[in-house]
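Colleague: Give me a 3D structure for the following:
(2 chains)
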Amino acid sequence: MSRLQTLLPRLIQALITLLGVVTLVFFLQRLAGDPVLLMLPETATAQEISALRHSLGFDRPLWLQYLSFLASAVHLDLGDSLVQQVSVLSIIASRLPYTLALAAAALFIAIGLGIPMGAVLAMSSKRWLRGALEVLLAIVQSVPTFWSGMLLMLIFALTLGWLPASGSGTWQHLLLPALALGLFNLASFARITQRALSEELARDYVRSAVARGVGPMRLLLRHLSRNAALPLLAVAGLEVASLLAGAVVVEGLFAWPGLGQLSLQAILSRDFPLIQAIVLLGAFCTIGLNLLTDVLYGVLDPRIKHAQVSR
Amino acid sequence: MLRFLMWMLLSCCAILPAVAKEQLTVDLVNEPASLDPHRQWNPDSYYVYRNLFDNLLSRDDDGQIVGEIATQWHYASPTQVDFTLRRDVKFHDGQPLTADDVAFSLKRIIDPAFASPQRGQFDSIIEAQALAPDVLRVTTASPYPALLAQLVKLSIVPRHVLEAVGDQAFNLAPIGSGPYRFARWQRGVAVLLTRNSEYWGREGAFASALFRPVPDAATRLADVQSGSADLVVSLDSDQAAQLEHAAQAKLLSVATERVSYVSFNTFRPPFNDQRVRRAAALAIDRQALDQALLGGREQIVNQLLTPAHVGFSADLADLPYDPAQAKAILASVGELAQLPVELATTPVFDQRIVQALQQMLTEVGFNVRISVVDMASFLQRMNGDASQTANFAFVRYSCACQDADGVLYPLLYSQNRTQYKDPAIDALLLQARSLLDAQQRQPLYRAVNLRLNEQVAVVPLFQSVSLYGAAKALQWQPTANESLFLNRMAWRP
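Modeller: As a prediction, the model looks like this:
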C-alpha cells in the first residue's frame, strides 16, 4: 500500500507529461505545414492539391484535428501512416525489436567495456595504463557515431570483408552498428565508475577492509560494487535515452531497420500519425525508465525507499 | 571423417556464389511507400511495383512508346483511342487480365474519392470502357497529345481481387500480372519478389529479387563494392568516381528526363526586371559547374526539355556566360542591383551547385542569401503566394512522361509552378495541347522555349544523370524513365 501511495502521484505526473509531450508535438509539426505536396507528383495542379488536402482532413481547423486525434488516442487508435497507409502501431511493432536489440547490444558493449575500464582507472597503480585508457576514452567520446560508423564499415566490411556493411537478420549485421553506438556511450560509464569507485575507496569501511587483508578483487566485488552501483544506475537510465537518440544516426548509416531510421523517414515525409506515435512511445519509455530507476534506487539503497515512503 | 567435412565445406563454398546469383539484391534509398501502384508515386515504390504489374504501354530501351498489354491502338476520334489487348495475360492468381481490369484501373485513379497521387497525370481522361474482353476505349475531355506518354505509367490491377479484399489488404499483398510475384514484405527490412514462371513476356533472369532500404548513399556504395548488393541506386558524382576503378563493381549511368534550372520570382524586385534576370543568367558558368562539381557527366541544356522529350528543339542557341556583361547590366540598373536576394533550395538538391551559384552571382555584384528548408516546406513556399516566395530557386523537375506538354504546361501555364506569367506562352501551350500531331506541336514548343530564353523566365542548367552502382557481372542498360525492370536485366554469361 505504501509503495502504491508513493507511486500514484508519480503516475499522475507521468500521464500529464505524456499529454504535454503529445500536444506539443501535434502542434509543432503542423507549424511548418502538411505533407500533401510531398505526396503528390510534381505535376499536380492547385485543384488536386486542395482535393488531397481535403480528403486527408488537413483543411479542418487545427483544434478539431487535435480533438479527433485525442479521441482516437484514448482508444489506443493512433491512426494509419499517411505514407504507407497501414496502422502506425503495426509499423512500430515491426521496427521496435530491432531498436531494442541494437540498444541492448550497444548497452552491453558500453557497460561491458566501460565499467572494467572505469575500475582500472580508479584502482590501478600503473600510470601508463591509466594514461592510455584516458586517451582511448577521450577518442571514443569525441568521435561522432556517423564518423566512427563509416570507419568501422571501411575497415570491417570493405577492407577485411568480415562483416556486412548494412542490413539485418544475423548477429554479424548487428555487430558494427552496436559497436558504433556502444563505443560512443562507453566513456560515460567508465567515468562514472571511476568517480564512484574513487569516492568509495576513500571511505573508512574500505580502509578497514584493506587492513583486514581483503584483496582488491574481493574488495571490488563484495564491498564497492553495490555502493558504486547507485550513480551508475542513474547514468544507465539517461544513457538508454541517449542510445535511442544516437540510434537515429547509426540506424540510418547501417540501414538497420529500427525506430531511429523510421523516425527520420517519418519526419522527412511529414507522416504526422507516425511521428506522433513514435514520440508517444519515446515519452512513455523515458518516463517509464525514470520510474523504474526510482524503484530500483529503493531496492539498492533501503534508506532511499524509507525516505520516499515517509515523504 | 575430417576429410569428408573439409570436402563438404569446400563444396558449400564453391556453390555459394552460384546460389547467391539466383537472387538479385537491390539497394534503394527508402523502402516502398506502397506496393499498390495507384496509391503512391515515388521512385522507391515504382522501382519495385513495376515488376509486379503490367502496364498498358511501356517504353523500350530507346525510349520509344511500345505496347505491353496493348498490342495496337488507333484514334477512333480526336478524343477517343481504342486499344486492342493481349489475350494471353494472367494475373498471379491465374485469372485472365481483360479490358475490364484496365478500365477499372483507370477509373480507380481518376476517382476523386480515391485521392490517387497519380490523378493529375490522367485527369484528361473522362471515360474508360471495355468494348470487348480485349478492346478498351479511352475517352479524353479534349484532344490530348500526351495521352499515350501518360498511359505508359498505367499499371493494371485486378478488379476481382480489389473488389474482394479491398484497398488495405491489397496494399499488403498485391497481386499483379508482371514478371515477378509478391512474396514477402518485412517492413523496414526488405521486399522479396519471386519470378513468375508463367509470365507471357520475357521471363526474369533471377529466381528472386530483394529490394532493401539503405538511406545512406555511402553505405549503398560500400554494399555494392563489397558484393552484398548487386545494384544500388542514387549515387552522386563523387561516389561514381570511386566506382570507376572498383574491383567488384561498375558504374552505370543514364541521362534522365529530369532538368535542373534556376526559377525566378518575376513578381518581386529585383527579378521582376528582365535586365536583372539576364544579368543573373549571364553570371552562371554552367560548363564550370558541370566540370568542377558534377564530374562532367551532366548534359548542359538550353531549355526545360531534353532530347528524350517529344517537343525538344535541337536548334536553340546556347545560353551565354559573360560575367563582364552581367556586371555592366547591374551597374546600369542602379539600386535594384543592391537588393538582397534569397535563393531557395532544399537538401534533396545538390547543395554544392547552390553554393557555387551563390558564389558566381556574388562575383558579379548580387547580394545572395541561401535559404535551405526541408522538401515539404520548400514545395509549400514555391507553391505559395508570389509575394512571400523567395526571389529565386534552384530546382529540378521531371514529368516522367517524356513529352513537352508534361513539362511546360504544369510549369508555365498561368503561372502554375514558376513565378512567371506570360499570356503569349499560355496561348502557345493551349494551342499545342489541342494538336495530336507531334510535328505540328514542335514549332509551338520551339516558340515557347525561344520566348522563355528571350524573357529569361528561367535559366535551364543541366539534364540530370542517374548514377547506379552494379555488380560487374550484371548486364543492364538503365533508361531515361528511371525504372528498374528486372526482366530486362541478366547476369553476364
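Colleague: excluding its backbone neighbours, what's nearest whatever residue of the stretch 201-311 of chain A ends up closest to chain B?
Modeller: Distances between the stretch 201-311 of chain A and chain B by C-beta to the nearest C-beta are smallest at A:P257, namely 3.3 Å. For every residue, glycine as well, the C-beta is placed using N, CA and C. In space, A:P257 comes closest to B:G188 once its chain neighbours are excluded; the distance is 3.3 Å by C-beta to C-beta, 6 or more residues apart in numbering or on different chains.
Colleague: can you pull the pLDDT of the one you found?
Modeller: For B:G188, the pLDDT comes out at 85.
Colleague: B:Q168 - how many residues pack around it?
Modeller: When counting by other C-beta atoms under 10 Å in any protein chain shown, one arrives at 12 neighbours for B:Q168.
Colleague: tell me which residues in the one helix or strand A:P116 maps to are buried?
Modeller: For A:P116, the host element (DSSP states H and E) is helix A:88-123. Applying a neighbour-count criterion of 16 or more other C-beta atoms under 10 Å in any protein chain shown, one finds A:88-89, A:91-92, A:94-96, A:98-99, A:101-103, A:105-107, A:109-111, A:113-115, A:117-123 buried in helix A:88-123.
Colleague: Just say helix, strand or coil for B:R181.
Modeller: strand (DSSP: H, G, I helix; E, B strand; the rest coil).
Colleague: what's the answer for B:A400, then?
Modeller: Criterion first, three-state DSSP; result for B:A400: coil.
Colleague: residues in contact with it?
Modeller: Going by C-beta atoms under 8 Å, 6 or more residues apart in numbering or on different chains, B:A400 touches A:P41, B:K153, B:E257, B:G406, B:N481, B:E482.
Colleague: can you check B:V373 too?
Modeller: Applying C-beta under 8 Å, 6+ apart, we find B:V373 in contact with B:A344, B:T346, B:R381.
Colleague: quick one on the thing from earlier: filter the buried residues of helix A:88-123 to keep only those in contact with chain B.
Modeller: Counting by C-beta under 8 Å from any C-beta of the partner chain, A:I91, A:S94, A:R95, A:Y98 from the buried residues of helix A:88-123 sit close to chain B.
Colleague: Per-residue pLDDT of the third one, please?
Modeller: Listed pLDDT for A:R95 reads 90.
Colleague: cool, and the first one?
Modeller: Looking at A:I91, its pLDDT stands at 91.
Colleague: Tell me where the stretch 51-200 of chain A has helices.
Modeller: With helices called from DSSP state H, counting those that start in this stretch, the stretch 51-200 of chain A shows them at A:62-74, A:88-123, A:127-142, A:145-152, A:171-201.
Colleague: would a markdown table of those with distance to B:A331 be doable?
Modeller: Formatted as a markdown table, those follow (distance: least, C-beta to C-beta, whole Å):
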| stretch | distance to B:A331 |
| --- | --- |
| helix A:62-74 | 50 |
| helix A:88-123 | 58 |
| helix A:127-142 | 50 |
| helix A:145-152 | 46 |
| helix A:171-201 | 55 |
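Colleague: And the strands in the stretch 201-350 of chain B?
Modeller: Along the stretch 201-350 of chain B, the stretches classed as strands by DSSP state E, counting those that start in this stretch are B:208-213, B:231-232, B:249-264, B:299-300, B:340-345.
Colleague: I'd say A:L38 and A:I267 touch.
Modeller: No. The criterion here is C-beta atoms under 8 Å, and A:L38 misses it with A:I267 at 11.6 Å.
Colleague: Who has more neighbours out of those two?
Modeller: Neighbours were counted for A:L38 and for A:I267 using other C-beta under 10 Å; A:L38 has more, 21 against 16.
Colleague: Could you tell me which residues make contact with the more buried one?
Modeller: By C-beta under 8 Å, 6+ apart, the contact set of A:L38 is A:S269, A:R270, B:M375, B:A376, B:L379.
Colleague: List only those of those flagged as buried.
Modeller: Buried residues within those, counting neighbours by 16+ other C-beta under 10 Å: A:S269, A:R270, B:M375, B:A376, B:L379.
Colleague: Distance to B:D36 and pLDDT for those residues - can I get that in TSV?
Modeller: Output for the buried ones among the contacts of A:L38, formatted as TSV (distance: C-beta to C-beta, whole Å; pLDDT from 0 to 100):
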residue	distance to B:D36	pLDDT
A:S269	17	83
A:R270	20	84
B:M375	23	77
B:A376	22	74
B:L379	23	79
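Colleague: A:A44 and B:G120 touch, don't they?
Modeller: Yes. Contact criterion C-beta under 8 Å: A:A44 and B:G120 qualify, at 4.6 Å.
Colleague: follow-up on the earlier one: can you say which of the helices of the stretch 51-200 of chain A is nearest to B:I353?
Modeller: Evaluated over those, closeness to B:I353 peaks at helix A:145-152, with 23.3 Å, by C-beta to C-beta.
Colleague: ok, and does that closest one reach over to chain B?
Modeller: Yes. Counting by C-beta under 8 Å from any C-beta, chain B is contacted by helix A:145-152 at A:M150.
Colleague: Out of the contacts of B:V373, grab the one that's most surrounded.
Modeller: B:A344 (23 neighbours).
Colleague: tally of neighbours for the nearest residue in space to that one that is not next to it in sequence?
Modeller: Once flanking residues are discounted, B:A344 sits nearest to B:A390: 3.5 Å by C-beta to C-beta, 6+ apart. By other C-beta under 10 Å, 22 other residues sit near B:A390.
Colleague: For B:W185, which three-state class applies?
Modeller: Following three-state DSSP, the label given to B:W185 is strand.
Colleague: Now do the contacts for the nearest residue to it once chain neighbours are set aside.
Modeller: Excluding the flanking residues, the one nearest B:W185 by C-beta to C-beta, 6+ apart is B:V191, at 4.8 Å. B:V191 makes contact with B:E31, B:P32, B:L35, B:V48, B:F182, B:R184, B:W185, B:L210, B:F211, according to C-beta under 8 Å, 6+ apart.
Colleague: List buried residues within these.
Modeller: Applying 16+ other C-beta under 10 Å to the contacts of B:V191 flags B:E31, B:P32, B:L35, B:V48, B:F182, B:W185, B:L210, B:F211 as buried.
Colleague: mind checking how far the residue lying closest to B:N302 once chain neighbours are set aside is from chain A?
Modeller: Distance criterion C-beta to C-beta, 6+ apart; nearest residue to B:N302, sequence neighbours excluded, is B:L316 at 4.9 Å. Separation of B:L316 from chain A (C-beta to the nearest C-beta, to the nearest Å) stands at 23 Å.
Colleague: and B:L316, backbone torsions?
Modeller: As for B:L316, its main-chain torsions (degrees, to the nearest 10) stand at phi -80, psi 150.
Colleague: That one against B:L450, yeah?
Modeller: Yes. Using C-beta under 8 Å as the test, B:L316 is close enough to B:L450 to be in contact (7.0 Å).
Colleague: If you count surrounding residues, which of those two has more?
Modeller: In this view B:L316 and B:L450 are compared by other C-beta under 10 Å, and B:L316 has more residues nearby, 17 against 14.
Colleague: which ones are touching the more buried one?
Modeller: Going by C-beta under 8 Å, 6+ apart, B:L316 touches B:N302, B:Q303, B:R446, B:N449, B:L450, B:N453.
Colleague: Buried members of the residues you listed into ChimeraX, please.
Modeller: Selection of buried members from those for ChimeraX, criterion 16+ other C-beta under 10 Å:
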select /B:302,303,446,449,453
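Colleague: And the furthest pair within the contacts of B:L316?
Modeller: Greatest spatial distance in the contacts of B:L316: B:N302 and B:R446, 11.7 Å, computed using C-beta to C-beta.
Colleague: quick one on the thing from earlier: show me which of the contacts of B:V191 is closest to B:L106.
Modeller: Lowest distance from B:L106 to the contacts of B:V191 (C-beta to C-beta) belongs to B:L35, with 19.2 Å.
Colleague: what kind of secondary structure is the closest one in?
Modeller: coil.
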